[in-house]
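Student: Below are the sequence and a predicted model for it; my questions follow.
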Amino acid sequence: RDHQQQHRSNFLTDERSNGWGQCSTDHDHIDVLTNGTTMLNYDSYLSHQSYYDDFKHSNVTLINYENLRLDCDVSSSNTDRNERRLIIEQRKSLGKGGLCWDAAFILAEHLLANVGSWCLKERPTTRVLELGSGTGLAGLAIAKFVDGCSVTITDLPPLLDLMESNIVRNFDLKSKQSDQNCLQSNPIESSTVAHARILRWGETEDYPPDHEQIDLLIAADVVATIYSAPPLVQTLYDLAGDNTKMFLSYKHRKDDLMQDFFAQLGERFQHVKRIQPCTRNRNPGVFILEISGRIKKSSA
């Protein structure tokens, strides 16, 4: 409850608000903190979904995803699940990688709704790695809401600080509590739940040393050009073990680009299936690929 009181004390009263610094733009509920930081309540967007353009929330610094769950049985030993919420910082200055995308939310919510399809019950820890994490939304949602997972979020060097900042905000009890931008979101004290690291696709020196033990590989909206598909497919192939499961969300933009990507995946993996996401976000252009069955290279 202390965090709730601190949360409320950070609000600004102004002529646009209802007294708590809460204002609404195009049906989106945005809170304004005393230092001017803006925070979107994502549920308010989900309630109307009047638009799906990629940059619709790019001017908001923080997005509060609350407990980011459907009405489903998600594994958690936390007796008060409503106390958990995920708050993600965006940094527009970092470009597209510094923003939260519908495909990342959709992937996260789909995985939370289908925990039994990928979370290993026979082992104490399910190891998850996300490629092209950007803000870390999808990977950190798993780390926050599914017990027994060790999650590594990865991206290029310029995004490392943002990923680490979002880990601190949501998991580290020793975070910068005096920093109002941090806005503690009922953090979970853990040094093993979530990590961030640099991983450039196709650069084997960036691969985790024990990558053959990865159980789940995920990525959200990472195929943007014809140049991104080959190193991404190679990295998936390099990191996947015989039993690794993979889920990739994507926004369908160019038919020839996606068909080429699908073909490359089909050459490396036995099973590549497009599935309908289980999510409250109704973006009609976002789909999920379920991938498994790494094809071993011929010895010839």
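Tutor: That came through fine. Predicted model only: the values in this text are computed from it and were never measured.

Student: and residue 269, what is it in contact with?
Tutor: 236, 237, 240, 246, 291, 292, 293, 294, 295 (C-beta atoms under 8 Å, 6 or more residues apart in numbering). Bear in mind the C-beta positions are built from the backbone N, C-alpha and C, glycine included.

Student: For the second one, grab the count of nearby residues.
Tutor: Around residue 237 there are 16 other residues, counting by other C-beta atoms under 10 Å.

Student: For the helix or strand that it is a member of, list the C-alpha coordinates in CSV.
Tutor: For residue 237, the host element (DSSP states H and E) is helix 229-239. Listed next in CSV are the C-alpha coordinates belonging to helix 229-239 (Å, rounded to 0.1, in the frame of the first residue of the first chain):
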residue,chain,number,x,y,z
ALA,A,229,15.2,-11.6,-41.9
PRO,A,230,18.4,-13.6,-42.6
PRO,A,231,20.3,-12.7,-39.4
LEU,A,232,17.2,-13.2,-37.3
VAL,A,233,16.5,-16.6,-38.8
GLN,A,234,20.2,-17.6,-38.3
THR,A,235,20.1,-16.4,-34.7
LEU,A,236,16.9,-18.3,-33.9
TYR,A,237,18.5,-21.4,-35.4
ASP,A,238,21.8,-20.9,-33.5
LEU,A,239,20.1,-20.4,-30.2
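
Student: heading toward the C-terminus, what's the first helix or strand past it?
Tutor: That would be, after helix 229-239 and using DSSP H and E, strand 245-251.

Student: Identify each buried residue in the longest strand seen in the chain, please.
Tutor: Longest strand in the chain, counting residues (DSSP state E): strand 286-294. Residues 286, 287, 288, 289, 290, 291, 292, 294 are the ones in strand 286-294 that count as buried (16 or more other C-beta atoms under 10 Å).

Student: still on that earlier bit, which one among the contacts of residue 269 gets closest to residue 208?
Tutor: Nearest to residue 208 among those, counting by C-beta to C-beta, is residue 240 at 12.7 Å.

Student: In this structure that closest one contacts residue 215, no?
Tutor: No - counting by C-beta atoms under 8 Å, residue 240 stays clear of residue 215, with 10.2 Å between them.

Student: For the two, list the residues in contact with both.
Tutor: Contacts common to residue 240 and residue 215, judged by C-beta under 8 Å, 6+ apart, are absent.

Student: quick one: the longest helix seen in the chain to strand 286-294, angle?
Tutor: Longest helix in the chain by number of residues (criterion: DSSP state H): helix 255-268. Between the axes of helix 255-268 and strand 286-294, defined by axes from the mean of the first three to the mean of the last three C-alpha atoms, to 10 degrees, the angle is 20 degrees.

Student: Give me the contacts around helix 255-268.
Tutor: By C-beta under 8 Å, 6+ apart, the list of residues contacting helix 255-268 reads 223, 225-226, 229-230, 232-233, 236-237, 250, 252, 272, 289, 291, 294-295.
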